[in-house]
Structure formats: structure tokens, C-alpha cells
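> next come a sequence and a model predicted from it.
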Number of protein chains: 2
Amino acid sequence: MPVSPLAPAAQPDLPPIDGVRLAAAEAGIRYRGRKDLLLALFEPAATVAGVFTRSACPSAPVDWCRAHLAGGAARALVINSGNANAFTGMKGKAAVTATAAAAARAAGCRPEEVFLASTGVIGEPLDPAPFERELAGLAKRAAPHAYAEAAQAIMTTDTFPKQATRRVQLGECEVTINAIAKGAGMIAPDMATMLSFVFTDAAIEAAALQAALSAAVRPSFNAITIDSDTSTSDTVLAFATGAAGGTPIAAAGDRRLAAFRRALTALLTDLAQLVVRDGEGARKFVTVEVTGAKSAASARRIGLSIANSPLVKTAIAGEDANWGRVVMAVGKAGEPADRDRLAIWFGDIRVAVDGERDPAYDEGQVAAYMKASEIALKVDLGLGRGRATVWTCDLTHDYISINADYRS
Amino acid sequence: MPVSPLAPAAQPDLPPIDGVRLAAAEAGIRYRGRKDLLLALFEPAATVAGVFTRSACPSAPVDWCRAHLAGGAARALVINSGNANAFTGMKGKAAVTATAAAAARAAGCRPEEVFLASTGVIGEPLDPAPFERELAGLAKRAAPHAYAEAAQAIMTTDTFPKQATRRVQLGECEVTINAIAKGAGMIAPDMATMLSFVFTDAAIEAAALQAALSAAVRPSFNAITIDSDTSTSDTVLAFATGAAGGTPIAAAGDRRLAAFRRALTALLTDLAQLVVRDGEGARKFVTVEVTGAKSAASARRIGLSIANSPLVKTAIAGEDANWGRVVMAVGKAGEPADRDRLAIWFGDIRVAVDGERDPAYDEGQVAAYMKASEIALKVDLGLGRGRATVWTCDLTHDYISINADYRS
């Protein structure tokens, strides 16, 4: 597939973070001729926080991470693309155990300090042999400057790597936060996201890091949808090495954490939007803003009903300002709405108001707007003060092409 | 668009029903060169029952029908295609009132005895002039033998008309039930369906007819989905003329009604499946059967999660037995599921069992099965006795083509 037309013009250059080294390899797990295995090492141990899929059928690595998150300490992170190790039964569990053991040997730590993530096809047994073969070598050549390579190695149907970075004041120290993500398909909100990994030199204990991460995921990754399909493998993990110094922050409510939380949210929002920009087959980046709802939760559900509607998404693909389909999606959301108070905008153009087409509606004006590659769709319900923003992409022929023959 | 490859080989010939006459016209509401206006007359008055969209933004004709259903008597039914008269504000209400008045003049009845339905584009004002011009002539030439023409006149993006008929014993009389429907897109369950109209000469009072209709819609129209998008205009209306004679049935629990209810459910299931067979862009007819769920409601929600998943639907379009995506759709449904008890079949081929790929899995065998135009997908959850069946179609390039330029 060619690179998404919505890709950013340039990739950021992620700076090294003290205590974090990375390396990637071509392990031949599924793909040929590209890197598909990533090892990150934390020396000394980093604190760790995680948010995972709410799927009732989670992958084996998700089970593994959930079980070991309570330890609060990470020495290694192993990620592979090409095989999700999901719905693989006892074989999947055995592969996870073998991989963690191999990584622990390579990193000189306990298996419980190893965190794992896998992405790719569901239901095929994952052979641990490539991990056992590659991890020791990866540990030897791991380096602080390898984020671009890391972001590449975790891609599946992604057409560009997703990276973001921020510098922010934390108490008396300035700290760095780097993060990478992968997305493309099987992306739906409310259940963490696909894979994303955050690295920082901030000194934050695990519980406070978890609180910051959970809060930051809500308006970022949990506010995007590509195709309404939620993965079995969604994982966001954050690692804090503490190398920037300062008194470690222990309490989630510590006021010194405010700027860090804002930066983390902004960083994850950047990445979430990059995931949308690389949605399978995406040609338009769509922002759906809902205001005037009964509550924020109601606004979010209405926003997602619009963002997940195949008829709204195909209309946008066809550059058709078909706001009637937006009305349909508001109506089906199962949330409070009063047809006769509804107003709808495409960009700054109000197309509907008071339950009917805007008297000043000008098809030519709105048709011109729809040709843009970034579309802002706003709905005001006129009922209350609840508001939410979600992001999605259009639904195109390429989505069908990509997914009608992904496995074969 | 060419006729769906899933269309039935022949159309049934619907017999006349005493007390029902129909006629259709080219009123030029939106389409050129095809009939788009249908009038049905009931002489004497028929009892009437209805089930409507649960959309919070219903169309003006849905509002009208809801307001007048309590009267329990119908003399005329007016349906147009090409314009849904939805989200049209006061203009929509005025168009409905003017249409009912014109139909009442033509039928010699009160406007409250006229029922209305509109289907087509949302948000464009509907001009009542074509109705006022055509309805008197239609009333004059209405005839008992016009069901095929009627089923044609209510089509939008449908590629074939949907008709079904049953003969059934009701107390001491044999009665006929005829029904027509239209579908194609913006079809999602749990909220009635698109348009469907049922005509019978049975003598059943309105309350009992309503109970029978509501019960019959649940396992038929409410068990199908084309694209997860629920229309603003979904309407099922049933009209009973009583011309077959016998003591009118007044109580919903009357035992004489049992055979009629079974026949009505079978009839509406036929029509619902025809709607799926004409789903926009459909190339495969898919039956999703869920067993072993905690409850029937849970089974239904899991079935719909599978049937609405774009990744499952594109895999079927690609003739790929991608049961990993079925696992994903079970997992995201928000219903009780135990990954390690799950089993999945395509046709009679079990592909997954006990939380992993079936040991006897044979890619060649299942790949051959996927080439069929009718696909049966079964999931057993191994938790309880809840079961449900839903029907859907695949998601193809043609769905995108149809919907990326429907309005223009």
C-alpha cells in the first residue's frame, strides 16, 4: 500500500531518554524483508503503567501484562508484529512464557519484569523460536537512538510509523516523554487502543503513572475510531525511568504532576490522530464535535454513532455533504436528542438548523468544502452543556481491498 | 445497478385480498421513468397495527402514523419513494397534512384514516403537489391485482421487489396474508425495519393485530442488518380487512390466532431475508447463529456484533474464513464470553474449539466452503442455553460505490 495521503510531512526525531535502549530485528515471524521484532530495555528498572483492551477474548500477551502490572517494575519490553498471539489457547500461553524467559535471560532480569505485546493475525499459533534466537543479540546492540526503527518494527497494515515527543516541567526537573503507536484497522474506542508505548525519564511511581495514563487515554485513544472493531490486543504501556532526577512523585493528585498529565494527554492525542490519519484506506481526516448534549458521555456516544456510521463515512469519501445521514446517526444513537433543536455544520457552514435544512443552504459552497482532506463536522443538540470530540476517517474502496484479502 | 446475484429466481404471484385495492403512478417525486407513488385503499375500513423506528429523529410520516394508530382504522395508505420527508421541520409536517387530506378526498374518508410512509433522501423538503395531482386518479384505477406494481413503486436502491404471501387457517376461516417490503441500505435491527406493508383479509381487531405484528417483527426484521445504520423512516404497517369472515378476534391471547402468528412471522422472515439478499452491494447471504450464550438477548447482541463488524463482512466478501475476526467481534460485544470455551463453525466445518484453532483445521476445505453465495457462521459460547439467529450480507466495493454518490 502507498503511504496514506494524510501522513504528516515529516517524522519527528525522538531524543534519547536516559535508562531506555531499543533495538529491532527481522525475525521472520510473518513478514519478509522488514523488521518485526522490537526489544526495549530499562536500566535500572522503570516504573510501569498499562491500559488494555476490554475485549472478552484478550490476547495471551494482554493476559501476561495484566498479571504482572501489579509488580510496578519493568526491565524489558518485547513487541512483535505479524502475529497477535490471540485465541491461541495453551500454545499462546506457552509462547508468552517462553518469550518472557528468553527476554529475561537477555536483559538479566526476572520474567515478571518483562512486558509483552503482539499484533497481527488472530488465531495462528506463535512460534517462540524466533524470539529465543534474536533477543540476546538485540539486547547487545540496543541503543538510545532507535525510536524510528522501533516505530517501524511494530507496524502491520500501517503505512507510516507513529511517533511523538514532548518536553515538560515536572517539579524541579525538565523531563522528556517519547511515545510510539501502531494502528490502521480493528480500531475502536472505549477500550484502550491498538498498541502504544510511552517512555519517559520522569520519576513517577507506578500508581501515579497509572492514574495519569488512564486519564490521558480517555480523550485521546478512546476518542478515535477507524472501523468500530475493537482489537483483542489493544495495549498502551508507559515506562518511567526516573533518570531525570527529582523526588519521585508518588501520589496521583500531586500538583507537580499537572503539567506532565497535560503533556501526556497532548502526546497521546497526537498519536491517536496519527492512527486515524493512517486508518485503512483513509483519504479524509474527520473531526466530529458534539455540543449541547445532556452530558459529556451522551455527547461522546452520539459522536461515535456518527463516526462509526458507514453511511456517514462513505458520504464523506464521496465528498457529499449528506447531513441527512448525520441526522440518522444522531437518531439511532439511543441518546437524548430533539430533532427540532438539532443544528449541523460542515466546517463553518451551517447546513441544518431547528430540525430542517438551513434557509441559507448553498450546495455549491458546502460541496467545495467537502473536497478538503480534513473535514470538521459539528452537531449541536441544543439540550445541555455536554460536549465531546472524536476523530475518524472516511470509508473507501481501499478499506474493502485491504480487508477482503488481508489474511490470504 | 444490476439485480442482486442473491435475488430469488422468481417473484411470487400475490393473490387479491378482498377489501384491498392498489395502484401506483410515476409522480416524478425524484426518479424519472419509474413508479414512485403507491396508493392502497381499504373498503370497508381495515384494522391497522404498526411498528416504527426507534430513532430519536423520526420522519414526518412516522410521526403522523404514530399519532393516528390509536384510531385503529385505516381507509388508505400512501407511500412514496425518492424523498423520506425526514428532518424537514414544519414543511414536512405540512406536506404530510396536505397528502393525508388529498388521500382522504380521493378515498372518501377522514384524514385520520390515511396512513403514510416515505423513503428516500433525508432533509429535502417534500412537495405535496404530485400527491394532490395523482391521488384521485390512482383511487379510480386501484385494483386488487397490483401487488407486483406496488412492491416496485416503493423501491429506492433496491434491485428487486420484495413480496411474500401465506394462506393460513384462522378459526373457522382460511385467510390470506400478503406483504411487501423495501430495504437496501440504512438497515439495522432492533427498531422495526425499513418499509414493509402487510395486507390480510383476516378478521382481527387492532389490538390483537398489533400484538401479533410486534411479536413477528422481533425474530424477522429486527434480526437483520445490512450496515448497522438505522433509518429515520422504518415502518411496518399491517392492515386486516376482515373480508374472510368469521368472528373477529379481539384478544391477543386468543388460541385461534396461533397459526396466524406463526404464518405472519414466517412471512416477515421471508421478507427480511429478501431485504438482506438485496443489501447494498451484497454478494453473499450470511446466517449468523449464536448458541450457548447466557441468554437469548446476549446471543442476539453477540450475533449482531458479528453481523455488523466491517472486518467480518469484508473477510466474507474476500472469501476468507477469517474466524479470528469472529473472535474479535465476540470479544467486543460487551457480553459474557469465555475465550477458552468458544467454538466456531463455517457451515459444518468447525474451525475453532476450546479457545484455539481446531486441531483438524484444513484451510483448503474451509476455503472451498467460503466460495458459496450462502454462508452459515455458527458460534457456540459454551456458557448457557441462550440462542439467536441474525442475517446479514457481506461488505463489498459496491456498497462503497452506491453510498459514496447516492445523493448527487
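Noted; the coordinates are in hand.
> who's A:S81 bridged to?
A:T119 (DSSP bridges).
> that one contacts A:A27, doesn't it?
No - if you go by C-beta atoms under 8 Å, A:S81 and A:A27 don't touch, sitting 9.7 Å apart. (Glycine included, C-beta is placed from N, CA and C.)
> which neighbours do these two have in common?
A:D36 (C-beta atoms under 8 Å, 6 or more residues apart in numbering or on different chains).
> same drill for those two, tell me which one is more crowded.
For the pair A:S81 and A:A27, the greater number of neighbours falls to A:S81 (27 against 23), based on other C-beta atoms under 10 Å in any protein chain shown.
> so who does the more buried one touch?
The contact partners of A:S81, by C-beta under 8 Å, 6+ apart, come to A:I29, A:R30, A:Y31, A:D36, A:S118, A:T119, A:G120, A:A153, A:I154, A:M155, A:T156, A:K182.
> residues contacting the nearest residue to A:P128 once chain neighbours are set aside?
With C-beta to C-beta, 6 or more residues apart in numbering or on different chains as the criterion, A:P128 has its nearest non-adjacent residue at 3.8 Å, and that residue is A:A98. By C-beta under 8 Å, 6+ apart, the residues touching A:A98 are A:P128, A:F131, A:E132.
> give me every residue in the stretch 51-200 of chain A lying close to chain B.
A:53-58, A:84, A:86-92, A:121-125, A:185-186, A:188, A:191 (C-beta under 8 Å from any C-beta of the partner chain).
> again, only using 10 Å
Within the stretch 51-200 of chain A, the positions near chain B by C-beta under 10 Å from any C-beta of the partner chain are A:53-60, A:63, A:84, A:86-92, A:120-125, A:185-186, A:188, A:190-191.
> do a quick rundown of the strands in chain A.
Ranges of strands in chain A, per DSSP state E, are A:20-25, A:37-52, A:73-83, A:114-121, A:162-170, A:173-181, A:195-200, A:235-240, A:285-293, A:343-346, A:349-353, A:356-357, A:374-380, A:386-393.
> check which helices and strands the fourth one sits against.
Packing partners of strand A:114-121 (3 or more C-beta pairs under 10 Å, 6 or more residues apart in numbering or on different chains; DSSP states H and E): strand A:37-52, helix A:60-68, strand A:73-83, helix A:89-107, strand A:195-200, strand A:235-240, helix B:323-331.
> what of the last one?
With contacts defined as 3+ C-beta pairs under 10 Å, 6+ apart, the secondary structure elements packing on strand A:386-393 are helix A:258-277, strand A:285-293, helix A:296-308, helix A:310-317, strand A:374-380.
> residue in the stretch 101-250 of chain A nearest to chain B?
A:I122 (2.8 Å; C-beta to the nearest C-beta).
> now do the contacts for that residue.
Shown in contact with A:I122 (C-beta atoms under 10 Å, 6 or more residues apart in numbering or on different chains): A:57, A:59, A:83-88, A:186, A:231-233, A:407, B:322-328, B:331.
> one more time with 7 Å, if that's ok
Contacts of A:I122 were listed using C-beta atoms under 7 Å, 6 or more residues apart in numbering or on different chains, and they are A:A84, A:A86, A:F87, A:T232, B:G324, B:V327, B:M328.
> quick check: the fourth one vs B:T269, distance?
Okay, so that is A:T232. Look at A:T232 and B:T269: by C-beta to C-beta, to the nearest Å, they are 33 Å apart.
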